[in-house]
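In: with the sequence up front, the predicted model follows.
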Amino acid sequence: MKNTTFSHQPYLAGLFTLSLRWVVGWTYFSAFWRRLILDNKLIPEEAGYIGEKFNHFLPNALGIKPIIEYLVTHPDILAIAMIVFTIVEAVVGLLLMLGLFTRLMSIGVFALAMGILLAAGWLGTTCLDEWQIGILGLASGFTLFFTGSSAYALDDVFIKRKLNFTTKKWFPWLGSGNFPVKNVKFPVLVGSIAIFALSLFTNQYFHGGVWGRLHNKSVKPKLEISATSLKNDRLQFDVYRVEGADVYGSFLIGIHLLDQHRKIIQSYDSSDFLNLSNAAIQNQYIAKVKPAAHSMVIPLGAKATIMLPVADVKIKADEKYSIKLIDISGLEWESSVLMVR
């Protein structure tokens, strides 16, 4: 007797995407596996805390920057969010690999990929790492929603056993089986165009990858200086690390206070940084600016108010002053100083 099951196109579609389902499922489940089983990265007080990685996304996130900033300025809520996020990744990844409620899990993949794309699509030192993960996750989630799963999936096992819930109207939308829309050409075309357009837009927005000049914000550190003021015996400013590799800090080896003739009137180095009190560096986010043996370390996404003593220098109210920050790489950043009376 001829087996007609495998001639059924929706069944074949679910079969042909088997490797995609397994690999995408592992991509998300492995985040949970690495983060909690192989090494616990959900403890805020320990090195490698995933919340700090989340902080790295902040400077150039697209559209969701206010959400990220709220979380990194509320550590307790951030810790809960990271636990929930990890659990969601574990559930979505595991059930996708098992082929259980495949279409619902594909929606989860789509949502997680969109979050990665918007938050971290600008990161990647040698390749466009996070952008590629995000945009391919969107396309994968979209594809798996239409194909569902077939052979080698729990959805298929339950359908063949004719379990009661598989006969419900909602199951083809959330599980697998024949897609509950007869003509899928139009929604597939519209969705594909939208995802392709988003890929071009984000590629251009984050990296200039469609036209113009390519740029990579993960190659070298960049600091922004703001709220700079000088009053009597104190120099104060905000420093914010907005670019560079997320796995490598900016190492500040010197700070110079300059007069209007660009003469150094006060200089600070690593020994001065180490002698600063805890109150002299007021961090605003989870990623923290802190002094080390040979420099002041500024992680990606870190923002802090720094207060430095000004000693044995006569400050003239009618002169203009500026500060210069010097990175160990040789990069320098300057800002004018507001005189406060």
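Out: Arrived safely. Numbers count the residues shown, from 1 in each chain.

In: so which residues of the stretch 101-250 of the chain form helices?
Out: 102-120, 129-147, 154-160, 171-174, 185-207 (DSSP state H, counting those that start in this stretch).

In: among the ones you listed, which is nearest residue 309?
Out: Of all these, helix 102-120 sits nearest to residue 309, with 38.2 Å by CB to CB. The way it works is simple: take the backbone N, C-alpha and C, and place the C-beta from them, glycine included.

In: which parts of the closest one are buried?
Out: 102-110, 112-120 (16 or more other CB atoms under 10 Å).

In: and this structure, what are its domains?
Out: 5-207, 222-339 (automatic domain parsing).

In: and those: which comes nearest residue 215?
Out: Of all those, domain 5-207 comes closest under CB to CB, at 6.3 Å.

In: for that closest one, give the mean pLDDT please.
Out: The average pLDDT within domain 5-207 is 94.

In: just checking the distance from it to the centre of its chain.
Out: 15 Å (CA atoms, centre = their mean, to the nearest Å).

In: where does the stretch 201-341 of the chain dip in pLDDT?
Out: Counting by pLDDT under 70, the ranges of the stretch 201-341 of the chain that qualify are 341.

In: strands of that one, start to end?
Out: 222-231, 234-243, 250-258, 264-268, 281-283, 290-291, 296-298, 303-309, 321-327, 332-339 (DSSP state E, counting those that start in this stretch).

In: direction included, what does the fifth one pair against?
Out: In this case it means strand 281-283. Looking at strand 281-283 with DSSP bridges, its partner strands are strand 303-309 (antiparallel).

In: only C-alpha atoms, please: export the partner strand in PDB.
Out: The C-alpha trace of strand 303-309 is given here as PDB (Å, rounded to 0.1, in the frame of the first residue of the first chain):
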ATOM      1  CA  LYS A 303      28.500  55.500  33.300                       C
ATOM      2  CA  ALA A 304      29.800  57.300  36.400                       C
ATOM      3  CA  THR A 305      30.200  60.600  38.000                       C
ATOM      4  CA  ILE A 306      33.900  61.100  38.900                       C
ATOM      5  CA  MET A 307      35.100  63.700  41.500                       C
ATOM      6  CA  LEU A 308      38.800  64.500  41.600                       C
ATOM      7  CA  PRO A 309      40.500  66.800  44.100                       C
END
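
In: could you check that strand and say which residues are buried?
Out: For strand 303-309, by 16+ other CB under 10 Å, it's 303, 304, 305, 306, 308.

In: do the same with stretch 187-202
Out: 188, 191, 195, 198, 199, 202.

In: what residues does it touch?
Out: For stretch 187-202, the surrounding residues in contact (CB atoms under 8 Å, 6 or more residues apart in numbering) are 62, 117, 121, 131, 134, 135, 138, 139, 142, 146, 181, 210.

In: make a PyMOL selection of the buried ones in the residues you listed.
Out: Buried subset of the contacts of stretch 187-202, written as a PyMOL selection, criterion 16+ other CB under 10 Å:
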select buried, resi 117+121+131+134+135+138+139+142+146
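
In: for the contacts of stretch 187-202, which one is nearest residue 89?
Out: Out of these, the member with the shortest distance to residue 89 (by CB to CB) is residue 134, at 13.9 Å.

In: what sits against the nearest residue to that closest one once chain neighbours are set aside?
Out: What sits nearest to residue 134 in space, not counting adjacent residues and going by CB to CB, 6 or more residues apart in numbering, is residue 117, at 2.8 Å. Shown in contact with residue 117 (CB under 8 Å, 6+ apart): 130, 131, 134, 135, 137, 138, 198, 202.

In: redo that, cut-off 10 Å
Out: 62-63, 130-138, 198-199, 202, 206 (CB atoms under 10 Å, 6 or more residues apart in numbering).

In: contact partners for residue 82?
Out: Here residue 82 is in contact with 35, 41, 42, 44, 49, 50, 51, 53, 54, 71 (CB under 10 Å, 6+ apart).

In: at 8 Å instead, please
Out: By CB under 8 Å, 6+ apart, the neighbours of residue 82 are 42, 50, 51, 54.

In: surely it forms part of a helix?
Out: Yes - counting by DSSP: H, G, I helix; E, B strand; the rest coil, residue 82 falls inside a helix.

In: and it, how far from residue 315?
Out: Using CB to CB, to the nearest Å, residue 82 is found at 45 Å from residue 315.
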